[in-house]
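Trainee: Next come a sequence and a model predicted from it.
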Amino acid sequence: MQRSEGAGEQGSRSPEQSEGTGAEEQGSTFAPPLLRTPAQAAVALLIFLGAWAHGILWATVVPPWQAPDEPLHVEYARLLAEKGPFLTPADISPGLQEEILRSLAAHRFWEYLGGLTPDPLPVTFAEAGDFWLRHAGTQVTDEPPLYYGLPALFCRLLPGIERQLWAIRVYSAALSAGVALFGWLTARELWPTRRMLPLAVAAWLGFHPMAAFIGASANNDALVNLGGAALAFTLVRGCRRGWNGRRLLALAGLAVLLPLSKKSGLIALPLAAAVLIPAALRLFRVRVRPSASHLGWWPGLVVLSGLLLALGFLAWQPVPGQAAAWGRRGTWRYPARSSAMAHSGTWALSLPALQPRQQAWLVQSLPANQVRRLQGQEVTLRLWAWAAGEAQAQVAIDDGGMGATQIVPLQPRWQAFELRHRLAADAERLRVVLAPAESDRGSPMLFFDDLSLRGPQGELLRNGSAEAPKRRWEGWMADRLRLPLWFGQGLLDPASYDVASLRRYGFYLAVTFGNFWGDFGWLTLPLPLWAYVLPALATLGAVIGWRWAGKLLPERWQRQALAWLGWQGALIVAVTFLPMIGRIWQPQGRYLFPGLVPWAVLFTAGWSGWGTRLRWRRWWLVPACGMALLDAGSLLGVVIPYYYR
């Protein structure tokens, strides 16, 4: 079936439409090239270079280390450069952290964040007394390594931590410029006969102030945002031109590369599966022998079912040396469950022998809704402990406030200990922490067994005797997604949807919407409150404009392509906001950026709908010039006055 690409609106052509582009058969193997003329290639190059220059401007204006988690990302790149690709927490270097901390002090890191430069300077991030570094953790093993390959090369070639940071920022800005380019290509693919709409999408993306700020920092967000933009383009191109082998291979490649960029890149897997599995089944039906054609879909379904069963089997396998419900923390990997010494049963929790400066601790957190029911009430922790030599352990009940901590002396024999604590009336969390007490001599191996945390509602801890092993799905969920084990329980708990919780979610949504548009520094430098009203009104106008924007999608493949973009956006929204249900956790607007191209398309098309309704030829002034004004206001009215006053 032939369809004309010149149909921008049924029966008429908009002023910004081109004169005509001919026709193309969907799914044709001989699709025209991506950029057909030198003029189109020149436009693409200008979009990329303009967005890159804009990103470099942001990278230059923002002082070193004043973007979220930059010290941790630079640390990851330096460790890759110095120690190779297979890093573990044991590779974390106190000397490198001390070098980064000296650079932070030289560039007024703590002063810009509203504090004072510590004197003396801490030696490691964990020893920093500020909120940002002390609780930041580490990117090593927490994030996939793909983004850090080129930054590691920069760290090998360039002397000085500041030069290395600058090179990584420029690299990130180049990746982010690709987002604007893919946005233009996606809109051009979706509306092949319109000139201004793709350019407005590119301008919206290129001038987005928060995307420019995050995209020009040392942060793996830049790579996953580029991957999300490439995914949007691939989905739209496949809908328009058909899913041939080359496009299916590109989609499969993105499904592999996005999760290797950042954990949020996992959204590519369901989208790719929804395309690749039906395509594979259709391919099987075409190639099957006629005599066996009566088999239909069954062989493909059997293979798919077998794969799902195999994945389920692997997910249920135990993780060696790990106890269910307990999290292992520290600067290196170690067995946290042992059968070498147990007070009762076969297993006990264990902490390894440590050298000075090594860290290891075990933690179990309770569901947030359960903590709310315990506010102001007393809980009692009981446990048995054993040490391979004279030592001290630190046992803590942490409620997010003062908490209760007890240093207990240990011997090479089992001893019972008890710790009581009344939770604060506004306690937001409750967790039990087991760790060696700080010592310049290190610590011998420690064992803990038969732990019990009791409150008015009975036993609160799970697996206090460590008899249940941790399953692989549990470890993957905790280590890779950073979700608590009770996350699913929180989604289904009616207490997660009471009035207080809904108010909290509303506040989180408002904050996330605000820092989607602009909240700089370590989310410590917002725009004036009134400035958020303007993008809010523009977004509302785009939503209303979709009442008439449907005329932009006269053909079935266009509606299918928009639906795929909608699914991509919905998955990003889900992975951003679902983790806040039933827990105290504030999402960030930048978590939505892997869906920047869908957001730009929806926003711009909504205002194009107003152009159709009002016969307004310059509707593009709102998405393009409006975003440019917001960007200029962010730089000239907020960022530069704050950092250079």
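Mentor: Done, it's in.
Trainee: where does the stretch 251-400 of the chain dip in pLDDT?
Mentor: Per-residue confidence for the stretch 251-400 of the chain (pLDDT under 70) gives these ranges: 283-305, 307, 331.
Trainee: Swap in 90 and give it another go.
Mentor: Low-confidence segments of the stretch 251-400 of the chain, defined by pLDDT under 90, span residues 262-267, 269, 273-325, 327-335, 354-361, 365-373, 389-390, 399-400.
Trainee: what about the strands in it?
Mentor: Counting by DSSP state E, counting those that start in this stretch, the stretch 251-400 of the chain has these strands, from start to end: 318-323, 327-330, 337-338, 348-351, 360-365, 378-387, 391-398.
Trainee: Give me the sheet partners of the third one and which way each runs.
Mentor: With DSSP bridges as the criterion, the sheet partners recorded for strand 337-338 are strand 348-351 (antiparallel).
Trainee: which residues touch the partner strand?
Mentor: Contacts to strand 348-351, defined as CB atoms under 8 Å, 6 or more residues apart in numbering, come from residues 323, 326, 334-342, 360-362, 386, 434-436, 443, 445-449, 451, 465-466. Bear in mind the C-beta positions are built from the backbone N, C-alpha and C, glycine included.
Trainee: before we move on, the earlier item: identify whichever of the strands of the stretch 251-400 of the chain lies nearest to residue 204.
Mentor: Using CB to CB as the measure, strand 360-365 is the one of the strands of the stretch 251-400 of the chain that comes nearest residue 204, at 40.3 Å.
Trainee: buried ones in that closest one?
Mentor: Of the residues in strand 360-365, those buried under the neighbour-count criterion (16 or more other CB atoms under 10 Å) are 360, 361, 362, 364, 365.
Trainee: Also stretch 577-587?
Mentor: Applying a neighbour-count criterion of 16+ other CB under 10 Å, the buried positions in stretch 577-587 are 577, 579, 580, 581, 582, 583, 587.
Trainee: now, which of those sits nearest residue 627?
Mentor: Distance to residue 627, by CB to CB, is smallest for residue 587 among these, at 22.3 Å.
Trainee: That closest one should be in a helix, yeah?
Mentor: No. Using DSSP: H, G, I helix; E, B strand; the rest coil, the assignment for residue 587 is coil, not a helix.
Trainee: List only buried entries from the contacts of strand 348-351.
Mentor: Buried members of the contacts of strand 348-351, counted by 16+ other CB under 10 Å: 323, 326, 334, 336-338, 341-342, 360-362, 386, 434-436, 443, 445-449, 451, 465-466.
Trainee: Do you have the strands of the stretch 401-550 of the chain handy? List them.
Mentor: Here the stretch 401-550 of the chain has its strands, by DSSP E, counting those that start in this stretch, at 404-410, 415-422, 431-436, 446-455, 458-459, 469-471, 519-520, 525-526.
Trainee: ok, so what distance separates residue 264 from residue 74?
Mentor: With the distance defined as CB to CB, to the nearest Å, residue 264 ends up 21 Å from residue 74.
Trainee: Skipping its backbone neighbours, what lies nearest residue 111 in space?
Mentor: Nearest non-adjacent residue to residue 111, counting by CB to CB, 6 or more residues apart in numbering: residue 117, 6.3 Å away.
Trainee: contacting residues for the one you found?
Mentor: Residue 117 makes contacts with 105, 108, 109, 110, 111, as judged by CB under 8 Å, 6+ apart.
Trainee: and with 7 Å instead?
Mentor: Contacts were defined as CB atoms under 7 Å, 6 or more residues apart in numbering; by that measure residue 117 touches 105, 110, 111.
Trainee: Any of those buried? List them.
Mentor: Applying 16+ other CB under 10 Å to the contacts of residue 117, the neighbour count classes 105, 110 as buried.
Trainee: Just put the contacts of residue 117 in a markdown table and tack on secondary structure.
Mentor: Putting the contacts of residue 117 into a markdown table (three-state DSSP) gives the following:
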| residue | secondary structure |
| --- | --- |
| 105 | helix |
| 110 | helix |
| 111 | helix |
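Trainee: just the helices in the stretch 501-645 of the chain please.
Mentor: In the stretch 501-645 of the chain, the segments counted as helices under DSSP state H, counting those that start in this stretch are 533-549, 556-577, 596-614, 623-634, 640-643.
Trainee: of all the ones you listed, which lies closest to residue 417?
Mentor: When those are ranked by proximity to residue 417, the top entry is helix 556-577, at 40.8 Å, counting by CB to CB.
Trainee: Which elements pack onto the closest one?
Mentor: Secondary structure elements in contact with helix 556-577, counted by 3 or more CB pairs under 7 Å, 6 or more residues apart in numbering; DSSP states H and E, are helix 221-241, helix 268-287, helix 596-614.
Trainee: Distance of the residue nearest to residue 111 relative to residue 62?
Mentor: In this structure, residue 117 lies at 19 Å from residue 62, with CB to CB as the measure.
Trainee: thought residue 367 was touching residue 489?
Mentor: Yes. Shown here, residue 367 and residue 489 form a contact pair, counting by CB atoms under 7 Å, at 6.1 Å.
Trainee: Which one's more surrounded, the two?
Mentor: Neighbours per residue (other CB atoms under 10 Å) separate residue 367 from residue 489, with residue 367 holding more: 22 against 14.
Trainee: Backbone torsions only: list them for the more buried one.
Mentor: With angles defined as degrees, to the nearest 10, residue 367 shows backbone torsions of phi -60, psi 140.
Trainee: ok, it to residue 374 distance?
Mentor: 10 Å.
Trainee: Looking at the contacts of residue 117, which is nearest residue 592?
Mentor: Using CB to CB, residue 110 comes nearest to residue 592 of the contacts of residue 117, at 29.1 Å.
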